[in-house]
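Novice: Let me see the structure of the following:
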Amino acid sequence: MNSRLHGIIAKEFLQLRRDSLAVTLALFVPVAMLFIFGWAINTDVKHVPTAVLDHSGSPESRALQEALVNSQYFALRRHVSTLRDLTRVIDDGTVKVGVVIPPDYARRLERRDAQVQVIVDASDPMVATSAVNAATSLGAALSLQVLARTTEGLSLRDGAMPVDVRVRAWYNPDLVSAIFIVPGLIGALLMQTTITSMAVSVVREREKGTLEALVVSPIRRWELLLGKIIPNLLVAYGQMTMALLVARFIFDVPIRGNLVLLYALSAVFMWGTLGIGIFVSTAARTVPQAMQLAFLTFLPSIYLSGLLFPIEGMPAGAQYLSMLIPLTYYLRIVRGIVLKGIGLEYLWMQLLPLIVFGAVIFTLAILKFRKQLD
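Specialist: Predicted coordinates for the structure are as follows:
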């Protein structure tokens, strides 16, 4: 009995040795998950990109800006001169918070009735909540400083605070998480469908031995590849349409932008993800291996792209890594169109990385696929 058991164990180890890719994935994926979860999950978002519209230009307004920076919750990225410029940098995603300091800020601060407006991009409720809480706390702290300098101590007229920080939440004023998550899931669905389906369809042909038969048939290789791509694209667009319908009529997600533009830019995103799927199909020998490799490419995109957790709350290394992930840019596109209603003039900075990534990865994947067929 022991000899039979030892024989089975030896056989399994021999198979594992022959399938080194599966063993590597089995060992690497859990470690990768630990790193990614450790990086991504952080609800205390600091250093939120912020723009300031300072109409006052006084020492008091500069002190307010220093207080913003010293709180560590705001990172001043832009100084703008008009409200239109402030709106633009919030719309295109350059900043998440806009601070408007009125012209009479210094004078009213002496009278202890100063007002400051804080505009928050609430399309990401986690970032918005952190910014709103930090702005409110900062207003209270500044008010206490003003009161400490007065002889009247804590006696306030009508219970008003000397510095009134008024927060306005744009795009998602009720901070509903579904409004943030559901549009982002469109990108996750498109990525999962195009990578996994493309890889599995090619590997399944190879497993059954029909791929070689297709190669020696009169069909051209570009026709073979295009025949694989088009059905996957149609399925992905079908999923996207269903997701938009569910988002609108089940979760009450407002769709403010141009859907034709969204579908067109989605094709650019899927250009790159289809290239990843072709790459996976050339590396995997079996369908389970293709599924594992697809999951391995899918995992960091889900957690480091800003789909579930804000990039602003991640360590610097993870933020740089997120810049290499196509889903990061596509999420900004889909949320910009659906939630903000913005157009291509705001989104071209997100589109360019997708075009570059798609051109590079798709070209390399096609070359590797052709070499493997040869």
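
Novice: pLDDT weak spots in the stretch 1-150 of the chain?
Specialist: 1-44, 149-150 (pLDDT under 70).

Novice: for it, what spans make up the strands?
Specialist: Per DSSP state E, counting those that start in this stretch, the stretch 1-150 of the chain carries strands over the ranges 48-54, 74-80, 97-101, 114-121.

Novice: do the stretch 201-350 of the chain as well
Specialist: Counting by DSSP E, counting those that start in this stretch, the stretch 201-350 of the chain contains no strands.

Novice: would you turn the strands of the stretch 1-150 of the chain into JSON lines with distance to L351 and mean neighbour count?
Specialist: (Each C-beta comes from the backbone N, C-alpha and C, glycine too.) Formatted as JSON lines, the strands of the stretch 1-150 of the chain follow (distance: least, C-beta to C-beta, whole Å; neighbours: other C-beta atoms under 10 Å):
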{"stretch": "strand 48-54", "distance to L351": "20", "mean neighbour count": "22"}
{"stretch": "strand 74-80", "distance to L351": "21", "mean neighbour count": "17"}
{"stretch": "strand 97-101", "distance to L351": "24", "mean neighbour count": "24"}
{"stretch": "strand 114-121", "distance to L351": "20", "mean neighbour count": "23"}
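
Novice: Quick one: neighbours of the spatially closest residue to L109 that is not a sequence neighbour, just the number.
Specialist: Closest residue in space to L109, ignoring its immediate chain neighbours: E60 at 5.3 Å, by C-beta to C-beta, 6 or more residues apart in numbering. When neighbours are defined as other C-beta atoms under 10 Å, E60 has 18 of them.

Novice: residue contacts, E60?
Specialist: 105-106, 109 (C-beta atoms under 8 Å, 6 or more residues apart in numbering).

Novice: Which one of these is nearest to A122?
Specialist: For the contacts of E60, the closest approach to A122 (C-beta to C-beta) belongs to Y105, at 24.5 Å.

Novice: What sits closest to that closest one if chain neighbours are left out?
Specialist: S56 (4.1 Å).

Novice: gap between the one you found and L109?
Specialist: 9 Å (C-beta to C-beta, to the nearest Å).

Novice: and if you look at L259?
Specialist: 47 Å.

Novice: Which of the two has more residues huddled nearby?
Specialist: More crowded of L259 and L109, by other C-beta under 10 Å: L109, with 22 against 13.

Novice: Quick check, that one in contact with P162.
Specialist: Yes: assessed by C-beta atoms under 8 Å, L109 is found in contact with P162 at 7.0 Å.

Novice: any common contacting residues for these two?
Specialist: Common neighbours of L109 and P162 (criterion: C-beta under 8 Å, 6+ apart): V146.

Novice: can you pull out the helices in the chain?
Specialist: Listed in chain order, the helices of the chain (DSSP state H) span 2-18, 20-40, 59-70, 83-91, 105-110, 125-148, 177-208, 210-216, 221-249, 259-283, 287-304, 316-322, 326-335, 344-373.

Novice: Of all those helices, which one comes closest to V48?
Specialist: helix 125-148 (5.2 Å).

Novice: can you pull the contacts of the residue nearest the centre of the chain?
Specialist: The residue lying closest to the centre of the chain (C-alpha atoms, centre = their mean) is G306, at 3.0 Å. Counting by C-beta under 8 Å, 6+ apart, G306 makes contact with 124, 184, 322, 328, 331-332.

Novice: Looking at these, which is nearest I342?
Specialist: R332 (10.1 Å).

Novice: From what I see, that closest one and Q350 are in contact.
Specialist: Yes: in this structure R332 lies within contact range of Q350 using C-beta under 8 Å: 4.7 Å.

Novice: of these two, who's got more company?
Specialist: Each of R332 and Q350 has its neighbours counted (other C-beta under 10 Å); R332 has more, 23 against 20.

Novice: ok, now which ones touch that one?
Specialist: Contacts of R332 (C-beta under 8 Å, 6+ apart): 93, 306, 347, 350.

Novice: In the stretch 251-374 of the chain, where is pLDDT below threshold?
Specialist: Using pLDDT under 70, the stretch 251-374 of the chain drops low at 371-374.

Novice: Swap in 90 and give it another go.
Specialist: 251, 278-322, 364-374 (pLDDT under 90).

Novice: Overlap in contacts, R332 and Q350.
Specialist: Joint contacts of R332 and Q350 (C-beta under 8 Å, 6+ apart) are G93.

Novice: Turn the strands of the stretch 1-150 of the chain into CSV, including distance to I230.
Specialist: Listed next are the strands of the stretch 1-150 of the chain as CSV, based on distance: least, C-beta to C-beta, whole Å:
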stretch, distance to I230
strand 48-54, 40
strand 74-80, 43
strand 97-101, 44
strand 114-121, 37
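
Novice: Spell out which residues make up each domain of the protein.
Specialist: Taking automatic domain parsing as the reference, the chain has its domains at 48-170, 176-373.

Novice: Can you check the pLDDT for the nearest residue to T273 once chain neighbours are set aside?
Specialist: Spatial nearest neighbour of T273, chain neighbours left out: T194 (4.2 Å); criterion: C-beta to C-beta, 6+ apart. pLDDT, T194: 91.

Novice: Against A188, how distant is T194?
Specialist: The gap separating T194 from A188 is 11 Å, by C-beta to C-beta.

Novice: Would you mind confirming that G257 makes contact with R335?
Specialist: No: checked against C-beta under 8 Å, the pair G257 and R335 is beyond contact range at 9.7 Å.
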